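**Q** I would like the atomic coordinates for the input below:
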Amino acid sequence: MTISTSLHQLQQTAYLRIFGLLKIPLIAYLRPTVLELNDERCIIRFPLGRRARNHLRSMYFGALCIGADCAGGAIAMQRIHQSGAPVNFVFKDFQANFLKRAEGDVLFTCEEGPKLNDLVRRAIDSGQREEDAVRVVATVPEKYGDEPVAEFTLTISLKRKKS
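**A** Residues are numbered from 1 along each chain as shown. As a prediction, the model looks like this:
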């Protein structure tokens with residue numbers, strides 16, 4: 001990892017936490033860290049600490065859902081910001097499969113960058129509501145390696161704001 005990469009990760013993490021603090025406080029409360037955010041994929045780490053832990057000492061399902069929300073939406077939010085176009089962003093629906101207890105820090109990975117880039121472009125060009133489903137996978141590498149502890153499908157809905 002280069003200094004440039006670390007600085008970029010720090011900037012993206014700060015942006016996510018500030019956005020959370022100002023718009024969605026639960027995001028900031030859970031202290032996510034952006035490990036990677038580019039045109040291809042997003043990886044966000046949520047620590048398993050007192051704030052995210054349930055009574056079984058694994059990550060609470062609400063915290064897991066917030067992690068999927070962040071990873072699924074970060075690429076689209078970055079593209080919207082880069083475009084400069086006024087676009088409204090919401091999740092239309094959310095499906096989750098919890099496969100194992102998340103008993104460690106969780107990585108949320110969305111590798112749907114090209115699909116999200118296309119979705120943002122379509123919403124800007126058409127001016128109509130555009131929707132697409134993205135997949136997010138949650139893993140606990142320290143305990144299970146690459147084996148998923150949860151899988152999520154989120155439908156993202158975008159529409160360009162009227163001038």
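
**Q** pull the longest helix belonging to the chain out as PDB, backbone CA atoms only.
**A** Counting by DSSP state H, the longest helix found in the chain is helix 61-83. Extracted C-alpha coordinates of helix 61-83, given in PDB (Å, rounded to 0.1, in the frame of the first residue of the first chain):
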ATOM      1  CA  PHE A  61     -28.200  -8.000  12.100                       C
ATOM      2  CA  GLY A  62     -29.000  -4.200  12.000                       C
ATOM      3  CA  ALA A  63     -25.300  -3.400  11.900                       C
ATOM      4  CA  LEU A  64     -24.900  -6.000   9.100                       C
ATOM      5  CA  CYS A  65     -27.700  -4.300   7.100                       C
ATOM      6  CA  ILE A  66     -26.000  -0.900   7.600                       C
ATOM      7  CA  GLY A  67     -22.800  -2.300   6.200                       C
ATOM      8  CA  ALA A  68     -24.500  -3.700   3.200                       C
ATOM      9  CA  ASP A  69     -26.200  -0.300   2.700                       C
ATOM     10  CA  CYS A  70     -22.900   1.500   2.700                       C
ATOM     11  CA  ALA A  71     -21.100  -1.000   0.400                       C
ATOM     12  CA  GLY A  72     -24.000  -1.100  -2.000                       C
ATOM     13  CA  GLY A  73     -24.500   2.600  -2.200                       C
ATOM     14  CA  ALA A  74     -20.900   4.000  -2.000                       C
ATOM     15  CA  ILE A  75     -20.000   3.500  -5.600                       C
ATOM     16  CA  ALA A  76     -23.300   5.100  -6.800                       C
ATOM     17  CA  MET A  77     -22.900   8.000  -4.400                       C
ATOM     18  CA  GLN A  78     -19.300   8.600  -5.700                       C
ATOM     19  CA  ARG A  79     -20.500   8.500  -9.300                       C
ATOM     20  CA  ILE A  80     -23.300  10.900  -8.600                       C
ATOM     21  CA  HIS A  81     -20.900  13.300  -6.800                       C
ATOM     22  CA  GLN A  82     -18.400  13.100  -9.700                       C
ATOM     23  CA  SER A  83     -21.100  13.800 -12.300                       C
END
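
**Q** so for it, mean pLDDT?
**A** For helix 61-83, mean pLDDT is 94.

**Q** and that helix, how far out from the chain's middle?
**A** Helix 61-83 has its C-alpha centroid displaced from the chain centroid by 3 Å (CA atoms, centre = their mean, to the nearest Å).

**Q** cool, and stretch 51-59?
**A** Computed by CA atoms, centre = their mean, the chain-centroid distance of stretch 51-59 equals 20 Å.
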